[in-house]
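> predicted model and sequence below, questions to follow.
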Amino acid sequence: MSGAAGGIGRACVAAFLAENASVAMLDRDRKRLDRAASELSGHGKITVVDLDITNEAAVVEAVRHAARDLDGLDGVVNSAGIDRVEPFEETDWAVWDRIMAVNLTGAMRVCRAALEPMKASGKGAIVNIASAAGLRPLNDRVAYCASKAGLIMATKVLALDLAKHGIRANAVCPGATDTELFRQYLGDATIEDVKTHYALNRIGTTSEIAATIVFLLSDEAGFITGSALAVDGGRVFH
């Protein structure tokens, strides 16, 4: 589980533990990661690995460590992500590269590193957390939207390529969800402003997104692959 120290990632860890799963928590913020793991300890087996997913060698070693400690891997969730709000004409190309490196390339690195242990288990499921912004654009977020749209399509290709190994791949596309990252990029808007764009007239909770991800990793979702599931209170069509 990349991006496991907070927000949707942390909620996913809690949801997995509630289902008696063993979880590897990966995140680049070691202090925050240790705090989250400490708060969740006692609910199941947790392995903690600090990781910058833009570092290919570190990704390979982190996934190897997780597979060893958990006695194999049968599921991968990529939650690590960053955002930036700025007009296109002011785009900082270094920031563009960083967003792509984390949101898209980093997720693919984790998936590829996890491929061998998942193949060894005889089955597997991948859930990449994209965004409703990969399905419907947002102003002044060209890098973020492009990275998430790319992640959706990459996930669909993985579903085709990995089916022969019994591995499924799906993308979850959350709408506005009450996380620290969401509040950080509200700017001059308020949550009340944001709610007007959603058919359900509210923003989502991390537990709602986590419940969807748990389902997609489960055997009950065994005939679902290559999907991009909008969990967004109706924003995409509203």
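Perfect, I can see it now.
> what about the strands in the protein?
23-27, 46-50, 75-78, 124-129, 167-174, 228-231 (DSSP state E).
> ok, residues contacting the fourth one?
This points to strand 124-129. The contact list for strand 124-129 (Cβ atoms under 8 Å, 6 or more residues apart in numbering) reads 3, 8, 73-79, 81, 107, 111, 114, 118, 151-152, 154-155, 158, 162, 165-172, 174, 209, 213, 216-217, 221. Any C-beta I mention is one placed from the backbone N, CA and C, and that applies to glycine too.
> between that strand and strand 167-174, how big is the angle?
Relative orientation of strand 124-129 versus strand 167-174 (axes from the mean of the first three to the mean of the last three Cα atoms, to 10 degrees): 20 degrees.
> dump the strands of the chain to JSON lines, plus distance to Glu192, mean neighbour count and mean pLDDT.
What follows is the strands of the chain, written out as JSON lines (distance: least, Cβ to Cβ, whole Å; neighbours: other Cβ atoms under 10 Å; pLDDT from 0 to 100):
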{"stretch": "strand 23-27", "distance to Glu192": "31", "mean neighbour count": "27", "mean pLDDT": "96"}
{"stretch": "strand 46-50", "distance to Glu192": "37", "mean neighbour count": "20", "mean pLDDT": "94"}
{"stretch": "strand 75-78", "distance to Glu192": "31", "mean neighbour count": "27", "mean pLDDT": "97"}
{"stretch": "strand 124-129", "distance to Glu192": "26", "mean neighbour count": "26", "mean pLDDT": "97"}
{"stretch": "strand 167-174", "distance to Glu192": "19", "mean neighbour count": "26", "mean pLDDT": "98"}
{"stretch": "strand 228-231", "distance to Glu192": "21", "mean neighbour count": "19", "mean pLDDT": "97"}
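> OK, contacts around Tyr198?
The contact partners of Tyr198, taken as Cβ under 8 Å, 6+ apart, are Gly175, Ala176, Asp232, Gly233, Gly234, Arg235, His238.
> look at the last one and report its pLDDT.
If you check His238, the pLDDT there is 55.
> likewise the fifth one?
pLDDT for Gly234: 94.
> who are the neighbours in contact with the one residue sitting closest to the centre of the chain?
Residue closest to the average C-alpha location in the chain (Cα atoms, centre = their mean): Ser79, at 2.3 Å. Applying Cβ under 8 Å, 6+ apart to Ser79 gives the contacts Met1, Ser2, Gly3, Ala4, Gly7, Ile8, Gly9, Cys12, Ile129.
> returning to what we had before: let's have the strands of the chain in CSV, adding distance to Arg136.
Output for these, formatted as CSV (distance: least, Cβ to Cβ, whole Å):
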stretch, distance to Arg136
strand 23-27, 28
strand 46-50, 34
strand 75-78, 21
strand 124-129, 16
strand 167-174, 9
strand 228-231, 9
